[in-house]
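Student: okay, predicted coordinates and the sequence, questions at the end:
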Amino acid sequence: MANPIDVVVAKTKGAEHAIKAHHDGLVGVFTTLAKEHGEAAALMERVSADPSKRESLWPKIRIALATHEKGELKAVYPVLDRHATLKPLVAQHAEEAAELDKMIAHLDGTSIESDEWGSLFATLARAVVSHAAEEENDIFPAAMNAIGVDEAKRLDKAFKDAKARVATLLQDKH
């Protein structure tokens, strides 16, 4: 089980990301996604700084990453793909999401106590932070311009619903 301090740190970093996103003109689903990016980054930083947190935080991180990506792929990116100007960004996102899935599966197949796991996790953490920055700095602003405020707000609920369905499926598996 995650330490309550780790959770508070993650929520705080998530709130900071959401505030910055809103300040940068993002609304709705894009603010929610930025918040989740901050939370995941904070949890990953905690594991990187203290390997003793691997067992307690990895399950939470894995679920957060999986539900976030699958929620995006089910609810957000199909809408963005309807806009010709966003198609290259959507394709790039799909490739990166598949790569993240592979990294997570590799971590799951590696002993959590091993040095190899630590190295793989560090690679995943860098990839997640880079992916999030790319979304927040490039994809989300372009998407906001293409779909507008009303659609961004509507997609927030669609994303949260899709994410909840994915979380239920993942919990049923474990």
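Tutor: All right, it came through fine. Numbers count the residues shown, from 1 in each chain.

Student: any idea of the mean pLDDT in the helix or strand residue 104 falls within?
Tutor: Assessed by DSSP states H and E, residue 104 sits inside helix 87-108. Mean per-residue pLDDT for helix 87-108: 95.

Student: low-confidence regions, the protein specifically.
Tutor: Counting by pLDDT under 70, the chain has low-confidence residues at 1-2, 173-174.

Student: looking at it, which helix is longest?
Tutor: helix 140-173 (DSSP state H).

Student: contacts for the helix holding residue 104?
Tutor: 58, 62, 65-66, 69, 72-73, 77, 80-81, 117, 120-121, 123-124, 127-128, 131, 134-135, 138-139, 142-143 (Cβ atoms under 8 Å, 6 or more residues apart in numbering). Where C-beta positions appear, they are placed from N, C-alpha and C, glycine not excepted.

Student: next, the angle from the longest helix of the chain to helix 87-108.
Tutor: Angle between the axes of helix 140-173 and helix 87-108 is 30 degrees (criterion: axes from the mean of the first three to the mean of the last three Cα atoms, to 10 degrees).

Student: which strands and helices sit next to helix 140-173?
Tutor: Applying 3 or more Cβ pairs under 8 Å, 6 or more residues apart in numbering; DSSP states H and E, one finds that helix 140-173 contacts helix 29-49, helix 54-71, helix 77-80.

Student: out of these, deepest packed?
Tutor: helix 29-49 (a mean of 22; mean count of other Cβ atoms under 10 Å).

Student: list the buried residues for stretch 83-93?
Tutor: Within stretch 83-93, the residues that qualify as buried are 86, 89-90, 93, counting by 16 or more other Cβ atoms under 10 Å.
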